[in-house]
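Student: one predicted model, sequence on top.
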Amino acid sequence: MKTSELRTKSMDELRQELKELLRAQFNLRMQLATQQTNKTHEIRRVRRDIARVRTIMTQAKVAAGN
């Protein structure tokens with residue numbers, strides 16, 4: 001997911017995206033724990049996407065406060 005795509009979304013859409021990413025992260029962790037997957041690179045990708053979404057949300061809140 002690109003940052004430019006995230007910047008065009010509203011705050012509600014960002015919250016929904018974050019919710020979906022957190023659910024995906026949980027599912028990947030469970031699959032890894034039960035040895036149902038070998039896609040460990042997906043965990044890293046999802047974790048970084050979560051960080052991107054949270055960063056964009058924080059930047060939007062700061063911009064709205066000023």
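Tutor: Right, received. Where do you want to start?

Student: what does stretch 1-8 contact?
Tutor: 14, 17, 49, 52, 53, 56 (C-beta atoms under 8 Å, 6 or more residues apart in numbering). Every residue, glycine included, has its C-beta placed from N, CA and C.

Student: determine the number of other residues adjacent to residue 12.
Tutor: 8 (other C-beta atoms under 10 Å).

Student: would you mark the buried spots in the longest helix along the chain?
Tutor: Ranked by number of residues, the top helix in the chain under DSSP state H is helix 40-65. By 16 or more other C-beta atoms under 10 Å, the buried positions in helix 40-65 come out as 42, 43, 46, 49, 50, 52, 53, 56, 57, 60.

Student: packing partners for it?
Tutor: Secondary-structure packing of helix 40-65 (3 or more C-beta pairs under 8 Å, 6 or more residues apart in numbering; DSSP states H and E): helix 3-7, helix 11-33.

Student: got the angle for it vs helix 11-33?
Tutor: Comparing the axes of helix 40-65 and helix 11-33 via axes from the mean of the first three to the mean of the last three C-alpha atoms, to 10 degrees yields an angle of 160 degrees.
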